[in-house]
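1. let's see this in three dimensions:
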Amino acid sequence: MTGTLDRLGGPFDALLHLMDRQLIDTDGRLLGKVDDIELTHTDAGLTITALLTGPAALLPRLGGRLADQLVTTWQQMRPSEPHRTWPWRIPMGRVDYVDSAVHLNVRRDDLLNRDTTSFRLGSLAGMTVEEPDGRKVGQVLDARFEPNGDGALVLRSLLVGRGGPGSLLGYDRRADQGPLIVRRIIRLWHRDTRVVDIASAQILWNNEHVRLREPLRSIGRRATDSPARPTEW
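-> Model (predicted):
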């Protein structure tokens, strides 16, 4: 990569800036899209360790019984294929750089392999967020990662709010996104969206919700006022 800005070089919101991006191999051939993101607990924290692609990665993101039924149907379409419900996995070491797409440093024929994954960003997205007393205050809208000293992409904070129009397009975070009148209306709708440091939250994967250690308004800063604005696209 020469003279190219890598969008993962600073803070970034993974759902907004990485999920569903086109995958391109070193020969410029298309490989599909980022259908989910593998997260692994390391000494540094919850870290992005691989990109996942294919129906086995995409279908579970639909959630609920529908997702379970579709995954089962996908498996039954070719029962002789081993590990068909395991997603295709691309280790982060195979990622060269990210702009509007994800560029890989290997050919696609030498890349894909299947494996089980413990945690996925698609499962974290949309989780209900509760305060210490159990009161529901919103859901996880996005997860903000940042490279540490060795380049590993570590989870630093969660964006918590009620969701709705414009969130997936970044209207609630980017000062230059879209027409002015649309941006103002959507930012008003998302005025209660907060950025919560990951140290102030506990992700309960089995129960599919996030529990805050203190009330949201006392620990979360407004997403639109965040001094550590993620990389603009």
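
2. V102 and L70: what is the separation?
-> 25 Å (C-beta to C-beta, to the nearest Å). C-betas here are computed from N, CA, C, even on glycine.

3. the two: which is more packed in?
-> Higher neighbour count among V102 and L70: V102, with 23 against 15, using other C-beta atoms under 10 Å.

4. that one against D25, yeah?
-> No. The criterion here is C-beta atoms under 8 Å, and V102 misses it with D25 at 10.1 Å.

5. point out where this structure drops to low pLDDT.
-> Filtered on pLDDT under 70, the chain yields the residue ranges 1-5, 74, 80, 82-83, 85, 112, 164-191, 224-233.

6. backbone dihedrals for L216, please?
-> Dihedral pair for L216: phi -60, psi -40, per degrees, to the nearest 10.

7. I'd say it and V160 touch.
-> Yes. Using C-beta under 8 Å, L216 is in contact with V160, at 6.5 Å.

8. number of nearby residues for V34?
-> 23.

9. try P132
-> The burial count for P132: 10, using other C-beta under 10 Å.

10. the one 4 residues further on too?
-> Using other C-beta under 10 Å as the criterion, K136 is surrounded by 10 other residues.

11. any idea how far the nearest residue to G54 once chain neighbours are set aside lies from M77?
-> Among residues not flanking G54 along the chain, W88 sits closest, at 4.4 Å (C-beta to C-beta, 6 or more residues apart in numbering). According to C-beta to C-beta, W88 stands 16 Å off from M77.

12. now L158
-> 36 Å.

13. counting neighbours, go ahead and name the busier of the two.
-> Between L158 and M77, counted using other C-beta under 10 Å, L158 has the larger neighbour count: 26 against 10.

14. next up, phi/psi of that one, please.
-> According to degrees, to the nearest 10, L158 has phi -120, psi 140.

15. could you do L18 as well?
-> phi -130, psi -40.

16. which non-adjacent residue is nearest it?
-> V34 (6.0 Å).

17. wait, doesn't that neighbour sit right on I24?
-> No. In this structure, V34 is not within contact of I24 by C-beta under 8 Å, at 11.3 Å.

18. common neighbours of the two, please.
-> V102 (C-beta atoms under 8 Å, 6 or more residues apart in numbering).

19. buried set for stretch 210-225?
-> V210, L212, L216, I219, G220, A223, T224 (16 or more other C-beta atoms under 10 Å).

20. also stretch 69-87?
-> Buried residues in stretch 69-87 (16+ other C-beta under 10 Å): V71, W74, R84, W86, P87.

21. can you list the domains in this structure?
-> Domain segmentation of the chain under automatic domain parsing yields 12-121, 126-222.

22. same list (the ones you listed) but as a markdown table, adding distance to D6.
-> What follows is the domains of the chain, written out as a markdown table (distance: least, C-beta to C-beta, whole Å):
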| stretch | distance to D6 |
| --- | --- |
| domain 12-121 | 4 |
| domain 126-222 | 10 |
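
23. circling back to that earlier point, common neighbours of L216 and V160, please.
-> V129, V137, G138, R194, V196.

24. which ones among those map onto strands?
-> Among the shared contacts of L216 and V160, the members found in strands (DSSP state E) are V129, V137, G138, R194, V196.

25. and of the residues you listed, the nearest to V106?
-> Comparing those against V106 with C-beta to C-beta places V196 closest, at 36.4 Å.

26. setting aside sequence neighbours, what's the nearest residue to that closest one?
-> G220 (4.5 Å).

27. OK, contacts around that neighbour?
-> Per C-beta under 8 Å, 6+ apart, neighbours of G220: V160, R194, V195, V196, S200.
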